[in-house]
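Chemist: when you get a sec, could you give me coordinates for this:
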Amino acid sequence: QVHLVESGGGLVQPGGSLRLSCAASGSIVSIAIMGWYRQALGKQRELVVTITSGGSTNYADSVKGRFTISRDNAKNTVYLQGNSLKPEDTAVYYCYAFVRSSDWPNTYNNYWGQGTQVTVSS
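Modeler: Purely as a prediction, here's the structure:
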């Protein structure tokens, strides 16, 4: 089994910053992709940003230039630094990983964290 545990989040003022972390653990063989998605109240879950094991990134247009993803492959951990936050960034942020585990060594599977609330408000 694979587990993703997020930390960070909370209440942030408009224009402020946040830093989220997500650590993957369990029967991990390799992680091809890690990243973050978010879901605002009443809306569908959407991509924020992903990063491959080689460091290639894919940002949503809405966060380009404001959010930065980084990854520590040795620690199976991904970070999200968000700056210049806006009220529309308010959402539950979910960690995501595309993992090959020892339970299923011949395929990659999607795993999700439990989510962490980020609220941008004055």
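
Chemist: residues in contact with the helix or strand containing residue 108?
Modeler: If you go by DSSP states H and E, residue 108 is part of strand 104-112. Strand 104-112 is contacted from outside by 2-4, 24, 29, 32, 94-101, using C-beta atoms under 8 Å, 6 or more residues apart in numbering. Any C-beta I mention is one placed from the backbone N, CA and C, and that applies to glycine too.

Chemist: show the buried residues in those.
Modeler: 2, 4, 24, 94-101 (16 or more other C-beta atoms under 10 Å).

Chemist: pick the one among those residues closest to residue 14.
Modeler: Comparing the buried ones among the contacts of strand 104-112 against residue 14 with C-beta to C-beta places residue 94 closest, at 22.5 Å.

Chemist: strand partners of the host helix or strand of that closest one, parallel vs antiparallel please.
Modeler: Per DSSP H and E, residue 94 falls inside strand 91-101. The strands beside strand 91-101 in its sheet (DSSP bridges) come out as strand 28-39 (antiparallel), strand 104-112 (antiparallel), strand 116-120 (antiparallel).

Chemist: hang on, the earlier thing: from the chain's centroid, how far away is the strand holding residue 108?
Modeler: Computed by C-alpha atoms, centre = their mean, to the nearest Å, the chain-centroid distance of strand 104-112 equals 17 Å.

Chemist: switch the contacts of strand 104-112 over to a markdown table; also include distance to residue 87.
Modeler: Shown next, in a markdown table, are the contacts of strand 104-112 (distance: C-beta to C-beta, whole Å):
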| residue | distance to residue 87 |
| --- | --- |
| 2 | 34 |
| 3 | 31 |
| 4 | 27 |
| 24 | 30 |
| 29 | 41 |
| 32 | 34 |
| 94 | 20 |
| 95 | 23 |
| 96 | 24 |
| 97 | 28 |
| 98 | 31 |
| 99 | 33 |
| 100 | 38 |
| 101 | 38 |
